[in-house]
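# predicted model follows, preceded by the sequence.
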Amino acid sequence: MAWFKREKKGIITSTEDKKEAPDGLWNKCPNCKKPLHYAEQVENKYVCHYCGYHLRIGSKEYFSILFDDNTFTELNANLKSGDPLDFEDTKKYTERLEESYAKTGLNDALRSAYGKLNGHDIVIACMDFSFIGGSMGSVVGEKIARAIDYSIKNKVPFLLISKSGGARMMEAAFSLMQMAKTSAKLALLSKAKIPYISLLTDPTTGGVTASYAMLGDINISEPGALIGFAGPRVIKETIKKDLPKGFQTAEFVQEHGFLDFIVDRREMKNKLFTFLKLMDN
């Protein structure tokens with residue numbers, strides 16, 4: 001039909017010839033809703049250049065931002081969760097794990113690696129929210145423990161990037177024990193006088209907030225990150241009062257003394273290097 005055709009030279013003449021943009025090339029800022037090109041996101045450290053909103057990213061992106069030339073050696077990469085409780089709700093835990101392996105290409109909700117940050121040796125452990133909500137299971141706790149052991153053995157500073165919904169319910173007490181396990185390991189790190197920096201990102205909640213995320217020699221966060229233990233709705237229903245404006249944002253948490261610094265991701269690498277030099281001295 002003629003009115004669906006375009007005859008002008010250089011313009012697609014039929015909707016059948018139209019080419020779609022490749023998946024992942026563009027997305028929308030969750031805050032200001034403006035379109036973001038992937039190449040611009042990478043260049044701007046995954047921060048919206050319109051409103052400064054910090055997009056949620058995982059270990060792959062954080063490693064590329066922080067490690068010099070994106071060069072690092074991963075630690076304990078092949079650890080995977082078992083199913084000691086034979087847990088089954090709407091589906092078996094083992095099925096949920098298999099789906100997560102296939103969807104994310106990850107073996108669990110945390111990766112750890114060692115390399116250099118502005119020429120300074122460092123071990124970085126980073127959580128991945130895309131793997132079952134970044135939940136803390138036995139593998140997450142074990143990989144943190146082993147990364148701390150590596151830091152102690154080699155006298156290398158330790159950075160842990162938290163992004164989690166809390167404990168992994170499918171592992172019950174096995175998950176909750178990781179709070180004590182990681183806290184004990186961090187006590188050994190402190191005893192060895194090796195710096196530990198905790199970076200809290202959006203969101204950091206539940207048992208992760210109640211353990212290793214808040215135990216840093218320096219606790220820092222990205223702007224606007226959600227940080228808390230229970231969710232705002234649960235707290236409001238419990239205390240039967242309206243919550244303050246900005247409740248559980250990084251800015252609110254810092255104002256009440258639980259954070260030392262809020263650092264823009266685009267400045268993060270240099271700020272971390274400054275902290276490491278100060279703690280070395």
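All right, it came through fine.

# what does the longest helix along the chain rub up against?
Secondary structure of the chain per DSSP state H: the longest helix is helix 172-191. Applying CB atoms under 8 Å, 6 or more residues apart in numbering, the contact partners of helix 172-191 are 84-85, 87, 135-138, 140-142, 144-145, 148-149, 151-152, 158, 167-169, 196, 207, 210-212, 215, 217. Where C-beta positions appear, they are placed from N, C-alpha and C, glycine not excepted.

# got the domain boundaries for the protein?
Domain segmentation of the chain under automatic domain parsing yields 1-55, 57-280.

# related to what we said a few turns ago, which of the contacts of helix 172-191 are buried?
87, 135-138, 140-142, 144-145, 148, 151-152, 158, 167-168, 196, 207, 210-212, 215, 217 (16 or more other CB atoms under 10 Å).

# burial measure for the nearest residue to Tyr114 once chain neighbours are set aside, as a count.
Leaving aside its chain neighbours, Tyr114 sits nearest to Val123 (4.7 Å; criterion: CB to CB, 6 or more residues apart in numbering). Using other CB atoms under 10 Å, Val123 has 24 neighbouring residues.

# just the one 10 residues further on next, same as before
As a burial measure, the neighbour count of Gly133 was computed by other CB under 10 Å and equals 18.

# with the one 10 residues further on instead?
As a burial measure, Lys143 scores 22 neighbours (other CB under 10 Å).

# so it, which of the three states?
Following DSSP: H, G, I helix; E, B strand; the rest coil, the label given to Lys143 is helix.

# tell me the contacts of it?
Applying CB under 8 Å, 6+ apart, the residues near Lys143 are 75-76, 79, 108, 110-112, 125.

# got CSV for the residues you listed, with neighbour count too?
Shown next, in CSV, are those (neighbours: other CB atoms under 10 Å):
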residue, neighbour count
Leu75, 18
Asn76, 18
Leu79, 16
Asp108, 27
Leu110, 29
Arg111, 26
Ser112, 26
Ala125, 25
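
# of those, which belong to helices?
Going by DSSP H, the helices hold none of these.

# read off the pLDDT value for the nearest residue to Gly119 once chain neighbours are set aside.
Spatially, and ignoring its direct neighbours in sequence, Gly119 is nearest to Asp68 (6.8 Å; CB to CB, 6+ apart). Note on Asp68: pLDDT of 98.

# kindly report the same for Ala2.
Ala2 is given a pLDDT of 55.

# all strands for the stretch 151-281 of the chain, in order.
158-164, 196-204, 218-221, 261-262 (DSSP state E, counting those that start in this stretch).

# what's the most buried one of those strands?
Comparing those by mean neighbour count (mean count of other CB atoms under 10 Å), strand 158-164 comes out on top with a mean of 27.

# name every strand pairing with that one and say which way it goes.
The sheet places strand 158-164 alongside strand 120-127 (parallel), strand 196-204 (parallel), with pairing taken from DSSP bridges.

# for the ones you listed, give me JSON lines that also has distance to Lys241 and mean pLDDT.
As requested, these are exported to JSON lines (distance: least, CB to CB, whole Å; pLDDT from 0 to 100):
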{"stretch": "strand 120-127", "distance to Lys241": "32", "mean pLDDT": "98"}
{"stretch": "strand 196-204", "distance to Lys241": "22", "mean pLDDT": "97"}
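
# give me every residue that touches Gly134.
Listed by CB under 8 Å, 6+ apart, the contact set of Gly134 reads 109, 127-128, 163-165, 208.

# same question, Ile218
195, 197-198, 260-261, 275, 279.

# quick one: which two of these are the most distant?
Checked with CB to CB, the contacts of Ile218 reach their widest spread between Pro195 and Phe261, with 14.5 Å between them.

# can you show me the strands along the stretch 1-150 of the chain?
26-28, 35-37, 72-75, 110-117, 120-127.

# can you point out the buried residues in the third one?
Translated: strand 72-75. 72, 75.
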